[in-house]
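> Give me coordinates for this.
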Amino acid sequence: MKTLNTARLNIRALEMSDLDAFFAICSDAATMRLMGDGLPLTLEQTRQWIDVSQRNYSLHSRGCMAVIERDTNTMIGFCGLVVGDNVGEIELIYGFAPAHWGRGYATESARAMLEYGQTILPRIVASIYPQNKASQRILEKLGFEQTRVDADGTICYQLETLVSA
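Okay, the predicted model is just below:
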């Protein structure tokens, strides 16, 4: 998996040496409350996430990646293209430590991930809890269109890419 670079960020493959920093983000209740089942991850779940991501890099040329702030060389979040809840759909995900919210890092990393994903995928989806207004604005800014609202209230978006199916 290649490293993606933006003006302020390096987005690279997760490594086992990232475990402590990744766990600090994934075990944070505020970060995880609007992701997945809404619960923080354990250290073992975080370790498994790195393992799965590393397999996905070699099998699919995509996965969850570490987002590193260039100025500090610190892992501040994650962003990636992963298999979503709907089998066969590739979903954009991202999450950041609360200290880094509101600085445009999610938009910046997601834009870089989409530029990469659009070269290999015909469609990218995203799903957002209705109370996550910031992520809804990010997806709309990036060109996603709302496709439906699931029974649980989750708002689903999709972005058609330049790659034909």
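> Enumerate the positions of the strand of greatest length in the chain that are buried.
Longest strand in the chain by number of residues (criterion: DSSP state E): strand 74-83. Using 16 or more other CB atoms under 10 Å as the test for burial, strand 74-83 gives M75, I76, G77, F78, C79, G80, L81, V82. Placement of C-beta: from N, CA and C, glycine included.
> longest helix of this protein?
Once the chain is assigned using DSSP state H, the helix that runs over the most residues is helix 43-60.
> Report all helices and strands that the next helix or strand after the longest strand of the chain contacts.
Sequence-wise, the next helix or strand downstream of strand 74-83 (DSSP states H and E) is strand 90-96. Contacts defined by 3 or more CB pairs under 8 Å, 6 or more residues apart in numbering; DSSP states H and E place strand 90-96 against helix 19-26, helix 29-32, strand 64-69, strand 74-83, helix 105-117, strand 123-128.
> which outside residues touch stretch 1-11?
Outside stretch 1-11, the residues that touch it by CB atoms under 8 Å, 6 or more residues apart in numbering are 12-13, 57, 61-63, 65-71, 79, 105, 108-109, 111-113, 115-116.
> Alpha carbons of it, in PDB - could you do that?
Once non-C-alpha atoms are left out, stretch 1-11 reads as follows in PDB (Å, rounded to 0.1, in the frame of the first residue of the first chain):
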ATOM      1  CA  MET A   1       0.000   0.000   0.000                       C
ATOM      2  CA  LYS A   2       1.500   3.300  -1.000                       C
ATOM      3  CA  THR A   3       1.800   6.300   1.300                       C
ATOM      4  CA  LEU A   4      -0.400   9.200   0.500                       C
ATOM      5  CA  ASN A   5       0.900  12.700   1.200                       C
ATOM      6  CA  THR A   6      -1.000  15.900   1.700                       C
ATOM      7  CA  ALA A   7       0.100  19.400   2.700                       C
ATOM      8  CA  ARG A   8      -0.100  18.500   6.400                       C
ATOM      9  CA  LEU A   9      -0.400  14.800   6.600                       C
ATOM     10  CA  ASN A  10       1.300  11.500   5.700                       C
ATOM     11  CA  ILE A  11      -1.200   8.600   5.300                       C
END
